[in-house]
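Undergrad: Whatever this is, show me its structure:
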Amino acid sequence: MNSTLVILAMAILACCALFVIPVLMTRWAARRVIKIFRRHNAVSAGDARTAEELGLAPLGFLDRLMRPRDYKPQALRFLKESGVVQSTPDGRLYLSEIKAAEGLRCGALLSHHLRSRMKGPAGTR
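TA: Below is the predicted model of the structure:
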């Protein structure tokens, strides 16, 4: 009985490590990405910045091996897909304060995005 509980607890912890923790870390990173845009005053098309200027460019292969996982590039992708972060024709990025001010929180955006990804194409499973 005792060993069964230990195995069950380990299985629950493994599920948390595989599914829950990355979602929480991406939500946290999305908030940080929004703060980075505001700190660099990239809140309109005229003030747009490149990902490199914002410090959001993906790391190279060797850099990723030496550092813990960075969730900001994934959070930036989610924010771009949700329309909170928009890009200019030349590829510079800016924060759409209109979308951010609509009351859409990072967690709600990410949860909505993850739910839509789970449904698959055309809303089917």
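
Undergrad: quick one, phi psi at Ser87?
TA: Taking degrees, to the nearest 10, you get phi -120, psi 150 for the backbone angles of Ser87.

Undergrad: That one: neighbouring residues, count only.
TA: 14 (other CB atoms under 10 Å). (C-beta placed from N, C-alpha, C; glycine too.)

Undergrad: Which strand residues bridge it?
TA: With DSSP bridges as the criterion, Ser87 is bridged to Leu93.

Undergrad: which residues does it contact?
TA: Contacts for Ser87 (CB atoms under 8 Å, 6 or more residues apart in numbering) come out as Ala48, Lys80, Leu93, Tyr94.

Undergrad: Is it possible to mark the buried ones in these?
TA: Using 16 or more other CB atoms under 10 Å as the burial test, those include Ala48, Leu93, Tyr94 as buried.

Undergrad: And the furthest pair within the contacts of Ser87?
TA: Ala48 and Lys80 (12.7 Å; CB to CB).

Undergrad: ok, the closest residue to Met25 other than its chain neighbours - contacts?
TA: Leaving aside its chain neighbours, Met25 sits nearest to Tyr71 (4.7 Å; criterion: CB to CB, 6 or more residues apart in numbering). Residues near Tyr71 by CB under 8 Å, 6+ apart: Pro22, Met25, Thr26, Trp28, Ala29.

Undergrad: before we move on, what about Tyr94?
TA: Phe37, Ala42, Val43, Ser44, Ala45, Asp47, Ala48, Arg49, Val85, Gln86, Ser87, Thr88.
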